[in-house]
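> Below are the sequence and a predicted model; questions follow.
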Amino acid sequence: MTNITKENFDKAKNFYNFDTLYAPVLPGLKATVMKHQDAITDAFYKELANDEIAAKIVAGRVDQLKATHKVWMEELFNGEYGEAYFNRRYKIGETHVKAKIAPYFVEVITSSLRRSFAQILVAEGAVAVQAALAILDLDAMIIIGAYHEDRMHRMSDVTGMNLNLLETLMSFG
Ligand code: HEM
């Protein structure tokens, strides 16, 4: 791991004013969301099963994946979003990278999760929806960050170029 994803995570939290506006709201939404967790998780894997490639990736382990998805969702609303949270979420990202799951799937399924959360939380008011989407976006940013870092590492391995130099060359300043 380099620091780029962690730096972006911290910057994004500041950008949204996440710790002040949204982190304190999230634990209060946990009971409502978890009441619908089975339905959200079922919809998540049903959508993946509708895609020929994604269906093959999850085949034979949907029950086990549903269990980890429940833990993931509980943690989303725990109210603690510091270093330990980041490290756990980054490891989830690395798991998907190692499983060679195209990041496209993470992006489209995150979009489905956004719609599920919005539907469930709309009755709780705008801030509830905003808070849930804010943490979901941070999680997606971490997973996609793990893909970025993996690509940079592989490029560095192939070219022999130093990682920091590669990041500098790829950045817009
Ligand atoms: C926002 C999107 C996603 C979230 C939050 C998520 C969540 C998780 C979590 C919490 C784990 C367990 C990780 C671990 O134990 O380290 C996991 C593993 C896994 N996920 Fe996802 N997932 C997402 C997207 C996807 C997609 C799009 C696919 C397939 C197309 C997928 C397939 C898998 C597979 C196959 C594993 C097990 C990998 C292994 O153990 O080798 N996930 N996911």
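Received it, and whenever you're ready, just let me know what you need.
> By neighbour count, which bits of the helix ranked longest in the chain are buried? Give me those.
If you go by DSSP state H, the chain has its longest helix at helix 126-159. Buried residues in helix 126-159, counted by 16 or more other C-beta atoms under 10 Å: 128-129, 131-136, 138-150, 152, 156. (Glycine included, C-beta is placed from N, CA and C.)
> Quick one: distance of that helix to the chain centre.
The chain centre lies 6 Å from the centre of helix 126-159; the measure is C-alpha atoms, centre = their mean, to the nearest Å.
> next one: the very next helix or strand once past that helix to chain centre, how far?
Scanning forward in sequence from helix 126-159 by DSSP states H and E, the next helix or strand is helix 163-170. Counting by C-alpha atoms, centre = their mean, helix 163-170 is centred 24 Å from the centre of its parent chain.
> circling back: show me what the longest helix of the chain is packed against.
In terms of contacts (3 or more C-beta pairs under 8 Å, 6 or more residues apart in numbering; DSSP states H and E), helix 126-159 is packed against helix 4-16, helix 18-21, helix 62-76, helix 83-98, helix 103-121, helix 163-170.
> Tell me which of those lies nearest to N50.
helix 103-121 (10.8 Å; C-beta to C-beta).
> For stretch 139-157, give the mean pLDDT please.
Mean pLDDT, stretch 139-157: 96.
> quick one: contacts of it?
Stretch 139-157 is contacted by residues 1-2, 4-5, 8-9, 12, 76, 86, 89-90, 92-94, 96-97, 103, 106-107, 110, 161-163, 166-167, 170 when judged by C-beta atoms under 8 Å, 6 or more residues apart in numbering.
> Which positions in the chain make contact with the ligand?
Contacts of the chain with the ligand, taken as C-beta under 6 Å from any ligand atom, map to 48, 54, 57-58, 65, 68-69, 72, 91-92, 95-96, 99, 101, 105-106, 109-110, 140.
> give me that answer again for 5 Å
Those residues of the chain that sit near the ligand, judged by C-beta under 5 Å from any ligand atom, are A54, I57, T68, W72, I92, T95, A99, I101, F105, V106, I109, T110.
> All set, thanks.
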